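Chemist: I would like to see how this sequence folds:
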Amino acid sequence: MSEYPIVSTGPDVTRQVLSDHDQLMVVAFRFAASGAIGALHSHPHVQSTYVESGRFRFTLGQEEREVGPGDSFVIPSDQTHGCVCLVPGVLIDTFTPRRDDFL
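Modeler: As a prediction, this is how the structure comes out:
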């Protein structure tokens, strides 16, 4: 179990830092219900997302894509992105450098 707290990020969505270093951070986002939203946002960090379970519709800039278990992709620095949960599940995100705002 992670030493980091589970934090609500919106209705039916939580995040938990799994590990961190000043240059890298791993975070689990858990979506408990279909329709839960990962709000559109951007940040200066490069992000990779791995779909551990569930199904999601992602907006990546002007593109939309549906992803499921085993899918992964990279989100460039400052690209607007977000998702809608289609089937409850877990996303594992990594950030470089670390997201200090998550600590």
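
Chemist: ok, the helix or strand that contains Asp93: who's next to it in the sheet?
Modeler: Element membership of Asp93, judged by DSSP states H and E, is strand 81-96. Strand pairing for strand 81-96, determined by DSSP bridges: strand 24-31 (antiparallel), strand 37-41 (antiparallel), strand 46-60 (antiparallel).

Chemist: end-to-end on stretch 94-103?
Modeler: By Cα to Cα, to the nearest Å, the extent of stretch 94-103 from end to end equals 14 Å.

Chemist: ranking the strands paired with strand 81-96 by burial, who's on top?
Modeler: Most buried of the strands paired with strand 81-96, by mean neighbour count (mean count of other Cβ atoms under 10 Å): strand 24-31, with a mean of 20. (Glycine included, C-beta is placed from N, CA and C.)

Chemist: residues in contact with Leu40?
Modeler: Thr59, Thr80, His81, Gly82 (Cβ atoms under 8 Å, 6 or more residues apart in numbering).

Chemist: Just the buried residues from those, in ChimeraX please.
Modeler: The following ChimeraX line selects those of the contacts of Leu40 that are buried, judged by 16 or more other Cβ atoms under 10 Å:
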select :59,81
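
Chemist: which one of the contacts of Leu40 sits closest to Ser48?
Modeler: Ser48 lies nearest to His81 out of the contacts of Leu40, by Cβ to Cβ, at 11.9 Å.

Chemist: Quick check: beta-bridge partners of the closest one?
Modeler: His41, Leu60.

Chemist: That one and Asp22, how far apart?
Modeler: Noted for His81: a distance of 23 Å to Asp22, by Cβ to Cβ, to the nearest Å.
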